[in-house]
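Novice: Curious how this folds, go ahead:
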Amino acid sequence: MKRVFVLPITAALILTLGGAMNWGPRWGRENPHVIVDRSDSCAAPDVAGTQIRDSRLGAALAWARQAGSRHVVLYTDGCDPDGLVAVPPDLRVDVVLCPRRDDIGVKDLAVPRRIPPGADFAVEIELRRTRVLGADPVEIGVRLLRDGAEVGGVRRVVLASGQSRRIRVPDRVDTDGVVRYRAELVGQAGAPANDAREAVAVVGTRPRILSLAGPVAAPDLDVTVRKRISDPTAYDAVLLDKPPTAGQQRALLDAVRVGTGLVVLGGAGYAGDPLDSVLPLTDRPPGGRATVVLLDFSGSMTPRKKALVDGVRQLLLAMAPDDRVAAVVFNDDVRSVYTWTEVRTADWDFSPRPQGATYLVPALKAAARLFREAGSVRTRRLFVVTDGEWKDAPDIPAALVPLVGATRVALFVKAPAPPLAHRLFPRALDAGSDLAAELRQLEDLATERVKGDGVVAEQGEIPDWLAGAVPPAGRFPGGFSRLYAKGRGEAVALAAGDIPLLGAERRGGKVVVAATGGDPAALLRACVRENGGVRIRTRREGRALRIDVYGIGAAAGETRVLVGDRPLTLRLVTPDHAEAVLDPAPPEPVVVRVGPAAVLAPAAGSSELDGTGPNEALAAAIARASGGKLYHSPEAPAARARPQAAITLLLAAVLIVVGAAFRRSS
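Specialist: Numbers count the residues shown, from 1 in each chain. This next block holds a predicted model:
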């Protein structure tokens, strides 16, 4: 009888666990939410469901889950531009893998944002074809229209599957105003949404410049001289000759992102700062820079402890924030060692009381060990902060042998320095020295920078967009750090004789220059050649068009904004930023004008040609992560019966009651 009781109770526990995991007999049919990828790259079948106009599948799935869907059938070619799709929890996705469409379209149309009247320039058209296996090369024609008139005739190009081509069409506009360009395909029978692109350019008006480096003699530039940065987005370009504060650097980075040019003269002291991320030259050598500081805390340093602390702090302030430093505190032996850290996080304890004799050799051996631990470092520096009253002076030369290759400097807090110091240390300084200037002179001599280690290239071919901005011969009047080219983007490093370095990089139409010299006006012209003064940004938010305008100052409330021919009122957000919302957004691209500036606002929806093939791996990953299936047939997956966990739990309860009844009867 006991077994009769145990069996139903055991079965009841198993069924309870199954019910908690949503097991049970299937009852009824689910109605899945159908999502169809209608991007230009996907040849989805003609099925009813939610139509998405680009391949950002993660956003579509998140929206379906927010709408209460538990089961989604997704038709897509799997070419998500984000490359990684997070499937919302409790959402099953069956993926129907669709083929790619063999499509050719105008991917991009790039025009200068500002053009001087009568200047020769070029408009760049990018064509792209999707990648379809077995597709033959196709010849296609493309033409450029300016305000409806054809420029340069029809260009013929051949595109293979998955290939992209760029075409440059020369042009010239002699009168001020806003011109509208349109690039369109000729004889293309593909998707109409992808066969044309439009853009606008502004001809005329003087560029606005913010100079923190004093006046600039350039009648063709509208130069504002200030000591502080207010809103750099209000200007075409900013000129610097010394490092700004951390807050100002963040403002400059934001300005560069929205289209402000940047010229930095000098180049010293930026490594590790936010500004270093956009400069084409850096004063941080490849492989880094490492400094060991030996701190003399012997008894003779008691009256000179303040000079030691002040000298070390001055030394750290003169280094780049991401330079690595280590320290050794010594007297007659090593008292403590501070291992490697960045300068910005260095935290050394200066509270111990100086005591004992002065023996330098143990500290030098500790420094050699620290340099070995530093690994592959291009620049090594050794600083000894001491009064020079060494008890082991005869043994010091042998202890310095393992430190060959490191720049050795002795900073004395007692005058005069002992005669031996100048033989042991190539540089012997006193506590009153300008350590920032000394650091620059240690490793940044002009002859080294030009000829020393091959980092700097000889002057070669100058890009057309940099014409006229090359520094003249002669040395820049002032201290500067040795600069290194980062070797990314469209950057050049120039050196010929004593001509200082110049690096220039074009970042999506913006120009950033880091130079040790040159004509500031010429450098600024190179920066603003393709940038407008007033910044206009537009983006879609649901069915609305959001317009942000930067750089119009206190007149923002009175500025007239034209969307096509329709005036729009701006709302002032900050003194240099205003905004407006157009709801609903126009169905076609429209020109947004603010004074002399203009941009083309995009039409609703988007199109894409990412040039990749069907991504079966991504589609399979979505199905696997959600517990769904991957289908290669255009037929919709059959609707599934819903599991009824409640029936399982009810059966478990019945078994528990039966088991209890048997127990009472026994």
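Novice: C-terminal to the lowest-mean-pLDDT helix or strand in the chain, what's the next element?
Specialist: Within the chain, no helix or strand scores below helix 446-451, which has a mean of 36 by mean pLDDT, DSSP states H and E. Downstream of helix 446-451, the first helix or strand assigned by DSSP states H and E is strand 484-485.
Novice: Remind me what the host helix or strand of I536 packs against, helices and strands.
Specialist: Assigned by DSSP H and E, I536 belongs to strand 535-541. Packed against strand 535-541 by the contact rule (3 or more Cβ pairs under 8 Å, 6 or more residues apart in numbering; DSSP states H and E) you find strand 544-550, strand 590-594, strand 597-601. Any C-beta I mention is one placed from the backbone N, CA and C, and that applies to glycine too.
Novice: In terms of secondary structure, what does the host helix or strand of V263 contact?
Specialist: In this assignment (DSSP H and E), V263 forms part of strand 261-265. Packing contacts for strand 261-265, counted by 3+ Cβ pairs under 8 Å, 6+ apart, involve strand 237-240, helix 246-257, strand 510-515, helix 520-528.
Novice: quick one: low-confidence ranges for the stretch 401-550 of the chain?
Specialist: Within the stretch 401-550 of the chain, the stretches with pLDDT under 70 are 431, 436-437, 440-462, 464-465, 467, 470-483, 487-490, 493-500, 507-510, 529-534.
Novice: what's near enough to touch F330?
Specialist: The contact partners of F330, by Cβ atoms under 8 Å, 6 or more residues apart in numbering, come to L294, L295, D296, F297, S298, Y359, L360, P362, A363, A366.
Novice: Any chance of JSON lines for the helices and strands packed on strand 535-541, columns mean neighbour count and distance to R284?
Specialist: Conversion of those to JSON lines gives the following (neighbours: other Cβ atoms under 10 Å; distance: least, Cβ to Cβ, whole Å):
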{"stretch": "strand 544-550", "mean neighbour count": "21", "distance to R284": "31"}
{"stretch": "strand 590-594", "mean neighbour count": "22", "distance to R284": "40"}
{"stretch": "strand 597-601", "mean neighbour count": "22", "distance to R284": "37"}
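Novice: so which of those strands comes closest to R156?
Specialist: Shortest distance between R156 and those, using Cβ to Cβ, is found for strand 597-601: 26.5 Å.
Novice: Need the phi and psi values for the spatially closest residue to C42 that is not a sequence neighbour.
Specialist: Leaving aside its sequence neighbours, C42 sits nearest to D77 (Cβ to Cβ, 6 or more residues apart in numbering; 4.3 Å). Phi and psi for D77, reported as degrees, to the nearest 10, are phi -90, psi 0.
Novice: Neighbours of D77, how many?
Specialist: 26 (other Cβ atoms under 10 Å).
Novice: Let the chain start at 758 from now.
Specialist: Yep, numbering from 758; the last one is D834 now.
Novice: From G1299, how far off is it?
Specialist: In this view, D834 and G1299 are 26 Å apart by Cβ to Cβ, to the nearest Å.
Novice: how about the helices and strands packed on strand 1292-1298 in CSV, adding distance to T932?
Specialist: Shown next, in CSV, are the helices and strands packed on strand 1292-1298 (distance: least, Cβ to Cβ, whole Å):
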stretch, distance to T932
strand 1301-1307, 25
strand 1347-1351, 16
strand 1354-1358, 15
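Novice: out of the ones you listed, nearest to V1161?
Specialist: The nearest among these, by Cβ to Cβ, is strand 1301-1307 at 54.5 Å.
Novice: With only the CA atoms kept, save that closest one in CSV.
Specialist: Once non-C-alpha atoms are left out, strand 1301-1307 reads as follows in CSV (Å, rounded to 0.1, in the frame of the first residue of the first chain):
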residue,chain,number,x,y,z
ALA,A,1301,8.9,63.5,-37.5
LEU,A,1302,12.0,65.4,-38.9
ARG,A,1303,14.2,66.9,-36.2
ILE,A,1304,16.4,69.8,-37.2
ASP,A,1305,19.4,71.0,-35.1
VAL,A,1306,21.2,74.2,-36.0
TYR,A,1307,24.6,75.1,-34.4
